[in-house]
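Peer 1: Next come a sequence and a model predicted from it.
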Amino acid sequence: MSSVGDREGLRVALAALAALAVSQGIGRFAFTPILPMMQQDVGLSVPEGGWLASANYLGYLVGALWAVRLRLSARAAIRAGLAVIGLTTFAMALRDGFLLWLVLRALAGVASAWVLVFVSAWSLERLAALGRMSLSGVVYAGVGAGIVVAGAACLILMHLHAGSSAAWTSLGLVALAAGAVIWPVFGSGGTAHAPPAERSGGRVGDFWRMVLCYGAYGFGYIIPATFLPVMAKEVVPDPGLFGWAWPVFGAAAVASTLIAQRMRRSHRRVWAASHVVMAAGVVVPLVLPGLAGIIAAALCVGGTFVVITQAGVQEARAVAGERARALIAAMTSAFAVGQIVGPLAVSALVRATGGFSAALIAAAALLVISAAALLATPAGSPRA
């Protein structure tokens, strides 16, 4: 591969990384580190936080389903999604109003799904053409990188005693600036063509098993992913300490994405093992009190949630062959439903019990059961 091709591959991968950092780290997950700030300066309750999180996840589900039939080029869809994320994030600071916030978070969810779907198609097509598929791990490290940026920004603002409005404004400007920088890179390349089917196979029962297990993953991870900083704030009031929970979560996601690319285990075993590690991370704050438990949870959950996505999609391709697209779509829908139900379940359980313990135990149990279900059938294929 020529040096020109190497440079172009790196340019594509870094632009895709930045786009996923904006769409996931800001469009989806910026709310997580900002939630404790909103609780403090606008009096947002945990149930209201659950509704705002679910509005974003519902928008994500709508956006993912819409993207299948969206008659836009990859370039137009990515650019539109990045612009909407920046504007809706910035608008969260302009006016207080719960109904307005619901709409803005839902729109950000729709746009986040568009960017994820079309950046994946565009970048993988371009990297394959350049012979640089080894850089695909760099692309998906963008999810964790965006979480780190959002968490670090909120940590700095809390040190400066700034409020949630300053956080939304800052992250909105970051999203708009990042979108402007990478805007020209998405001027070439179209929508990726569907790859040829590997093979036809698999059993209907196993397909449903994978769908339900992926839905359990959506439910299990979203509880700490949404409420981890809130739980940290309850045990460590000092923002200079509890604010580290979310950056650690994102850093673990970046590292695990790159490490998993080199593992030599079947996709299904990696998927199941990640469920078990995630379950341990979900309940560790209950048995390890204080900041140590919160950081351990951030490492365990942050270090597995992107790996599960990678392993789950690759396993679907291995076992479903020509039916892989339908299976991946069903898994994605189940995941979206799980992450919508998760915050609502937390809100109900917090009201009923006065704490997070019941929700964490339920999520961990579901993850362990799903790991056992995954291992009840043979893996589709070994990792390449």
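Peer 2: Received, thanks. Numbers count the residues shown, from 1 in each chain.

Peer 1: Who are the packing partners of the helix or strand hosting Leu124?
Peer 2: Using DSSP states H and E, Leu124 sits in helix 98-130. If contacts are counted by 3 or more Cβ pairs under 8 Å, 6 or more residues apart in numbering; DSSP states H and E, helix 98-130 sits against helix 3-20, helix 46-69, helix 74-91, helix 136-159. C-beta: built from backbone N, CA, C; applies to glycine.

Peer 1: Averaged pLDDT, it. What do you get?
Peer 2: Regarding helix 98-130, the rounded mean pLDDT is 88.

Peer 1: Could you tell me the angle between it and helix 3-20?
Peer 2: Relative orientation of helix 98-130 versus helix 3-20 (axes from the mean of the first three to the mean of the last three Cα atoms, to 10 degrees): 160 degrees.

Peer 1: Tell me the helices and strands packed up against the helix or strand hosting Cys300.
Peer 2: Counting by DSSP H and E, the element that carries Cys300 is helix 291-302. Judged by 3+ Cβ pairs under 8 Å, 6+ apart, helix 291-302 is in contact with helix 204-235, helix 239-242, helix 245-260, helix 267-287.

Peer 1: go again using 7 Å as the cut-off
Peer 2: helix 204-235, helix 245-260, helix 267-287 (3 or more Cβ pairs under 7 Å, 6 or more residues apart in numbering; DSSP states H and E).

Peer 1: quick one: buried residues of that helix?
Peer 2: For helix 291-302, a neighbour-count test (16 or more other Cβ atoms under 10 Å) marks Leu291, Gly293, Ile294, Ile295, Ala296, Ala297, Ala298, Leu299, Cys300, Val301, Gly302 as buried.

Peer 1: list the contacts for the last one?
Peer 2: Under the criterion of Cβ atoms under 7 Å, 6 or more residues apart in numbering, the contact list for Gly302 reads Val248, Phe249, Gly250, Ala252, Ala253.

Peer 1: Please report the distance of it from Phe335.
Peer 2: Distance, Gly302 to Phe335, by Cβ to Cβ, to the nearest Å: 17 Å.

Peer 1: Same question for the second one.
Peer 2: Using Cβ to Cβ, one obtains 26 Å as the distance from Gly293 to Phe335.

Peer 1: List the contacts of the residue nearest to Val62 when sequence neighbours are not counted.
Peer 2: Computed as Cβ to Cβ, 6 or more residues apart in numbering, the closest residue to Val62 that is not its neighbour in sequence is Val110, at 5.6 Å. By Cβ under 7 Å, 6+ apart, Val110 lies in contact with Gly59, Val62, Gly63.

Peer 1: Tell me how many other residues crowd the first one.
Peer 2: When neighbours are defined as other Cβ atoms under 10 Å, Gly59 has 28 of them.

Peer 1: surely it meets Trp114?
Peer 2: No. Counting by Cβ atoms under 7 Å, Gly59 stays clear of Trp114, with 10.4 Å between them.

Peer 1: Show the contacting residues for the residue lying closest to Ala296 once chain neighbours are set aside.
Peer 2: Distances taken as Cβ to Cβ, 6+ apart place Val284 nearest to Ala296, at 4.7 Å, with adjacent residues excluded. With contact taken as Cβ under 7 Å, 6+ apart, Val284 is in contact with Gly293, Ala296, Ala297, Cys300.

Peer 1: and if you look at Gly81?
Peer 2: Gly81 neighbours (Cβ under 7 Å, 6+ apart): Ser23, Ala111, Trp114, Val115.

Peer 1: just checking, the last one touches Leu82?
Peer 2: Okay, so that is Val115. Yes. Between Val115 and Leu82 there is a contact at 6.2 Å, judged by Cβ under 7 Å.

Peer 1: Pull up the overlap in contacts between those two.
Peer 2: Common neighbours of Val115 and Leu82 (Cβ under 7 Å, 6+ apart) are Ala19.

Peer 1: In PDB, could you pull the C-alpha coordinates for stretch 306-318?
Peer 2: C-alpha atoms of stretch 306-318 as PDB (Å, rounded to 0.1, in the frame of the first residue of the first chain):
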ATOM      1  CA  VAL A 306     -18.400  -1.500  22.700                       C
ATOM      2  CA  VAL A 307     -16.800  -4.900  22.600                       C
ATOM      3  CA  ILE A 308     -20.200  -6.600  22.900                       C
ATOM      4  CA  THR A 309     -21.400  -4.500  19.900                       C
ATOM      5  CA  GLN A 310     -18.500  -5.600  17.800                       C
ATOM      6  CA  ALA A 311     -18.700  -9.300  18.900                       C
ATOM      7  CA  GLY A 312     -22.500  -9.500  18.500                       C
ATOM      8  CA  VAL A 313     -22.500  -8.100  15.000                       C
ATOM      9  CA  GLN A 314     -19.700 -10.300  13.900                       C
ATOM     10  CA  GLU A 315     -21.400 -13.400  15.400                       C
ATOM     11  CA  ALA A 316     -24.600 -12.500  13.600                       C
ATOM     12  CA  ARG A 317     -22.800 -12.400  10.300                       C
ATOM     13  CA  ALA A 318     -21.100 -15.800  11.100                       C
END
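
Peer 1: and this structure, what are its domains?
Peer 2: The record's domain split for the chain, according to automatic domain parsing, is 1-193, 197-384.

Peer 1: Pull the distance from the shortest one to the chain's centre.
Peer 2: It refers to domain 197-384. Centroid separation for domain 197-384 versus its chain: 10 Å, with Cα atoms, centre = their mean, to the nearest Å.
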